[in-house]
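> Structure, please.
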Amino acid sequence: MSGELKWEEPDLPEIPKPHGLFMMAWKVADKNLEQIKLERVDLGYCFPKPTLFTNVTSLECKKTYFLNWLAACPLWLSQVDVPPPSKFPSPQMWRDFLNMIPTEQQSSTRSAASKSAVRDILGDDIVHLAQGLVGVLEAITWHGMEVKVASLSDPPLQFARSLLWELYELNFHYELFALDRVLAADLWTSDDS
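Numbering: from 1, shown residues only. Purely as a prediction, here's the structure:
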């Protein structure tokens, strides 16, 4: 995706609609990538981009994406910033992680290398948690909603919106946190921060 479309969210029912004030600010924001100082900013994401869940073409893959994220989310939240990893997964790495299914074989493909890199960043515990859910549960509970695992290939709209909203919020908060650490680095060097 390039040009202006890179900065726009798809108009899909499960994608939460942005707040009007955010949209006004976003229209005037300078999105010139040349301003980014790559040595100061990790281009990875603390959390998967919400659109990863909506751009899945296979219904079975969509179910796997949701299951893997639901399994990994609590443990990842507990360790994402204590201390933070030195590098965060790229969108492709998140895609590879979300698409993981249990496997005993180690492959030499590019996808296997990416999955290995994700394992290095996220850790074995998170990967094993995600792989352990496949084929085990009949239903899951998400913020008080019980959702049948079989329905995750075409998840209930309220569930999808809720999960994606949380990912948008988490990404926003952690990107703001990372920006603060870059812009006010001297304030983050003491033990009091």
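
> C-alpha from now on. contacts and neighbour counts both.
Fine.

> Flag every buried residue along the longest helix seen in the chain.
When every helix of the chain is counted residue by residue (DSSP state H), the longest turns out to be helix 157-183. By 16 or more other CA atoms under 10 Å, the buried positions in helix 157-183 come out as 159-165, 167-168, 170-171, 174, 178, 181.

> which helices and strands sit right next to it?
Packed against helix 157-183, as judged by 3 or more CA pairs under 8 Å, 6 or more residues apart in numbering; DSSP states H and E, are no other helices or strands.

> Now do that helix, average pLDDT.
Helix 157-183 shows a mean pLDDT of 89.

> Output the buried residues of helix 157-183 as CSV; include the columns distance to residue 146.
Formatted as CSV, the buried residues of helix 157-183 follow (distance: CA to CA, whole Å):
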residue, distance to residue 146
159, 9
160, 12
161, 14
162, 13
163, 13
164, 16
165, 17
167, 19
168, 22
170, 22
171, 25
174, 28
178, 34
181, 38
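
> All the helices of this protein, residue numbers only.
20-28, 51-54, 59-79, 91-98, 110-122, 124-133, 157-183.

> quick one, which of these is packed in tightest?
Highest mean neighbour count among these (mean count of other CA atoms under 10 Å): helix 91-98, with a mean of 22.

> Determine the angle, from 0 to 180 degrees, between it and helix 110-122.
Here the directions of helix 91-98 and helix 110-122 differ by 90 degrees (axes from the mean of the first three to the mean of the last three CA atoms, to 10 degrees).

> Tell me which of the helices of the chain sits nearest to residue 44.
Of all the helices of the chain, helix 91-98 sits nearest to residue 44, with 7.1 Å by CA to CA.

> From what I see, residue 148 and residue 142 are in contact.
No: Residue 148 is not in contact with residue 142 according to CA atoms under 8 Å; the separation is 10.7 Å.

> any idea how far residue 186 is from residue 159?
Distance, residue 186 to residue 159, by CA to CA, to the nearest Å: 41 Å.

> now residue 22
Here the criterion is CA to CA. By it, residue 22 lies 24 Å from residue 159.

> pLDDT averaged over stretch 63-70 - what is it?
Mean predicted confidence for stretch 63-70 is 88.

> ok now it, how far from the chain's centre?
11 Å (CA atoms, centre = their mean, to the nearest Å).
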